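Colleague: sequence first, predicted model second:
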Amino acid sequence: MQCPSCQNTDSRVLESRAADAGRSVRRRRECLNCDFRFTTYERVETVPIMVLKRDGNREIFNRSKLITGLTRACEKTSLKTSQINMMVDELELQLQQGNVREVNSSELGELVLNQLRNLNEVAYVRFASVYRQFHGINDFVATLETFKPDKGQLATVG
């Protein structure tokens, strides 16, 4: 590691600790030439995931775009920002661990909806209305029908 002060490449690590929720390592270093102390961060290099859009364009998976869409869908619901971030973390990890480096936007949307379905029905319907491009009330009704309990089950009212 090159010292920012004297550009010497010899340094020693004084302290290491996890940073960024365990995604990186923060190291305090000291230059062996000039005794200057500085901090470095190490993180795993990931291959970018490409998203194939409906119009045929490709773009790099954008975490902040997904968070923005989910935040809008979750407005005035019981879901917290931390839950949204965790959901996006899990989704991003799932994409990174897969063998495919390109995902259709439709597949990505379905992954999001699968997670939202268990967390909040209102956020699910809001996200689905944009993602699936609802054109009228019939689209909403069809989506709401999927939440009805089976005929053999009793609905619980909370």
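Modeller: Structure's in. What do you need?
Colleague: in the sheet, who's paired with residue 17?
Modeller: residue 26 (DSSP bridges).
Colleague: what pLDDT, on average, does the helix or strand hosting residue 110 get?
Modeller: Secondary-structure assignment from DSSP states H and E places residue 110 in helix 105-119. Model confidence over helix 105-119 averages 85 on the pLDDT scale.
Colleague: helix or strand right after it?
Modeller: Trace forward from helix 105-119 with DSSP H and E and the next one is helix 121-131.
Colleague: give me the buried positions along that following helix.
Modeller: Residues 123, 124, 125, 126, 127, 128, 131 are the ones in helix 121-131 that count as buried (16 or more other CB atoms under 10 Å). C-beta: built from backbone N, CA, C; applies to glycine.
Colleague: which among those gets closest to residue 68?
Modeller: Residue 68 lies nearest to residue 127 out of those, by CB to CB, at 11.7 Å.
Colleague: once you drop chain neighbours, what's closest to the closest one?
Modeller: Sequence neighbours aside, residue 73 is the residue nearest to residue 127 in space, at 3.9 Å (criterion: CB to CB, 6 or more residues apart in numbering).
Colleague: lowest-confidence helix or strand of this structure?
Modeller: When each helix and strand of the chain is scored by mean pLDDT, DSSP states H and E, helix 137-145 comes last, with a mean of 75.
Colleague: and the strands in the protein?
Modeller: Assigned by DSSP state E, the strands in the chain fall at 11-19, 24-31, 37-43, 50-52, 58-60, 102-104.
Colleague: can you spell out the domain ranges of this structure, please?
Modeller: With automatic domain parsing as the criterion, the domains of the chain are listed as 11-43, 50-145.
Colleague: roughly how far is the longest one from the heart of the chain?
Modeller: Chain-centre distance of domain 50-145: 10 Å, with CA atoms, centre = their mean, to the nearest Å.
Colleague: distance between the ends of that domain?
Modeller: In domain 50-145, first residue to last residue: 33 Å (CA to CA, to the nearest Å).
Colleague: show me which helix runs longest in this structure.
Modeller: Across the chain, the helix with the greatest residue count (assigned by DSSP state H) is helix 81-97.
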